[in-house]
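Colleague: coordinates only, sequence not included:
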């Protein structure tokens with residue numbers, strides 16, 4: 001259940017309506033904080049058997065990111081007890097007259113995979129399900145009248161950072177976090193020296209409609225300094241930039257990627273430089289719904305690497 005549904009609840013009673021006759025129903029639940037409300041499920045897997053084997057019953061491999069939890073539940077058509085394997089911490093077994101239910105959780109401090117596995121003392125007909133819950137991003141804010149001496153954790157000028165490059169390169173920003181940028185013109189080169197990951201990229205989002213900061217919104221323009229890039233991803237993996245207007249300088253490429261993997265540039269306007277986007281040194285990037293125009297050279301100049 002997402003947080004919005006929990007808030008709307010009018011009682012503390014949890015009810016399931018079954019499509020057929022139920023002889024015996026067992027429930028297990030957990031309340032978790034810090035879950036991404038927009039995309040709560042990172043990965044999941046299930047498995048079932050109509051016989052006493054296999055035992056243990058396992059899922060396929062499930063992705064789990066750093067700081068995330070995989071929850072598992074397993075049910076058997078025989079009473080007895082379960083033992084969880086592969087580092088899962090068991091909550092409790094529930095025994096009915098003819099069945100067993102058990103729930104467990106697994107926490108990971110790094111990006112990895114996990115197989116949910118549980119052994120029953122005397123199984124018959126089993127089903128197992130496991131799901132990784134995606135960690136909620138920490139949110140940071142940038143506005144032209146902010147200050148890089150601020151915490152970056154609020155939308156007001158007294159809290160927000162002032163430059164996008166400072167935000168993207170700040171050591172407090174970790175994999176999976178999100179940076180919102182208020183409307184205005186930012187005269188700088190964004191050149192982060194850190195990485196997201198394939199599990200959790202670092203999102204930098206232009207608030208063009210004013211949803212985050214309030215007001216009417218408007219273009220969020222990154223103006224490249226003389227002979228510089230507007231965005232330079234050099235050995236900076238898994239960054240996403242969404243909704244920006246990148247205005248280049250005639251002395252250099254508007255966007256440049258080198259030794260960087262997993263870049264996602266979407267809903268951006270890119271113009272004014274030599275090449276709109278130069279991709280080299282075995283970098284990889286996705287360009288999604290971007291308008292690339294009025295650069296003196298190529299719109300997308302692929303030297304080495306890959307682009308989609």
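Modeller: Looks like it arrived, so ask away. Because the structure is predicted, anything quoted here is derived from the model rather than measured.
Colleague: Pretty sure residue 6 sits in a helix.
Modeller: Yes. Per DSSP: H, G, I helix; E, B strand; the rest coil, residue 6 lies within a helix segment.
Colleague: Which pLDDT value goes with it?
Modeller: Residue 6 carries a pLDDT value of 81.
Colleague: Pull the number of nearby residues for it.
Modeller: Residue 6: 9 surrounding residues under other C-beta atoms under 10 Å. In short, each C-beta sits where N, CA and C put it, glycine included.
Colleague: Please tell me how far it sits from residue 38.
Modeller: Separation of residue 6 from residue 38 (C-beta to C-beta, to the nearest Å): 15 Å.
Colleague: repeat for residue 204
Modeller: Using C-beta to C-beta, residue 204 is found at 16 Å from residue 38.
Colleague: More neighbours: which of those two?
Modeller: Just comparing residue 204 and residue 38: by other C-beta under 10 Å the higher neighbour count belongs to residue 204, 26 against 8.
Colleague: what pLDDT does residue 99 get?
Modeller: pLDDT, residue 99: 92.
Colleague: Just list the residues touching it, thanks.
Modeller: With contacts defined as C-beta atoms under 8 Å, 6 or more residues apart in numbering, residue 99 is in contact with 24, 26, 75, 76, 77, 78, 79.
Colleague: Give me the phi and psi for it.
Modeller: For residue 99, the backbone dihedrals (degrees, to the nearest 10) come out as phi -160, psi 170.
Colleague: State the distance from it to residue 26.
Modeller: From residue 99 to residue 26 the distance is 7 Å (C-beta to C-beta).
Colleague: Tell me the residues that contact both of those two, please.
Modeller: The contact sets of residue 99 and residue 26 overlap at residue 75 (C-beta under 8 Å, 6+ apart).
Colleague: where are the low-confidence patches of the stretch 51-200 of the chain?
Modeller: Along the stretch 51-200 of the chain, no part satisfies pLDDT under 70.
Colleague: Quick one: classify the nearest residue to residue 160 once chain neighbours are set aside as helix, strand or coil.
Modeller: Counting by C-beta to C-beta, 6 or more residues apart in numbering, residue 160 lies nearest to residue 146, which is 3.6 Å off, once chain neighbours are set aside. With three-state DSSP as the basis, residue 146 sits in coil.
Colleague: give the contact list for residue 146.
Modeller: 152, 157, 159, 160, 161, 162 are the contacts of residue 146 under C-beta under 8 Å, 6+ apart.
Colleague: Skipping adjacent residues, who's closest to the third one in space?
Modeller: So the one you mean is residue 159. That would be residue 150: by C-beta to C-beta, 6+ apart, it lies 5.3 Å from residue 159.
Colleague: Likewise for the fifth one?
Modeller: The shortest distance from residue 161 to any residue that is not its chain neighbour, by C-beta to C-beta, 6+ apart, is 4.3 Å, and that residue is residue 152.
Colleague: burial count for the one you found?
Modeller: Other residues near residue 152 come to 23 when the count uses other C-beta under 10 Å.
Colleague: That one and residue 233, how far apart?
Modeller: According to C-beta to C-beta, residue 152 and residue 233 sit 21 Å apart.
Colleague: swap in residue 70?
Modeller: With C-beta to C-beta as the criterion, residue 70 and residue 233 are 31 Å apart.
Colleague: ok, now residue 4?
Modeller: Residue 4 is 35 Å from residue 233, by C-beta to C-beta.
Colleague: neighbour-wise, which of these two wins?
Modeller: Set side by side, residue 4 and residue 233 show more neighbours around residue 233, with 27 against 8, by other C-beta under 10 Å.
Colleague: secondary structure class for that one?
Modeller: Following three-state DSSP, we place residue 233 in the strand state.
Colleague: Now for it: which residues touch it?
Modeller: By C-beta under 8 Å, 6+ apart, the neighbours of residue 233 are 191, 192, 239, 255, 256, 257, 258, 260, 263, 283.
Colleague: again, but for residue 200
Modeller: Counting by C-beta under 8 Å, 6+ apart, residue 200 touches 65, 66, 111, 135, 137, 175, 176, 238.
Colleague: Just the buried ones out of the residues you listed, please.
Modeller: Neighbour counting over those (16 or more other C-beta atoms under 10 Å) leaves 65, 66, 111, 135, 137, 175, 176, 238 as the buried ones.
Colleague: Please give me every residue in contact with the fifth one.
Modeller: The one in question is residue 137. Contacts of residue 137 (C-beta under 8 Å, 6+ apart): 36, 176, 177, 178, 200, 203.
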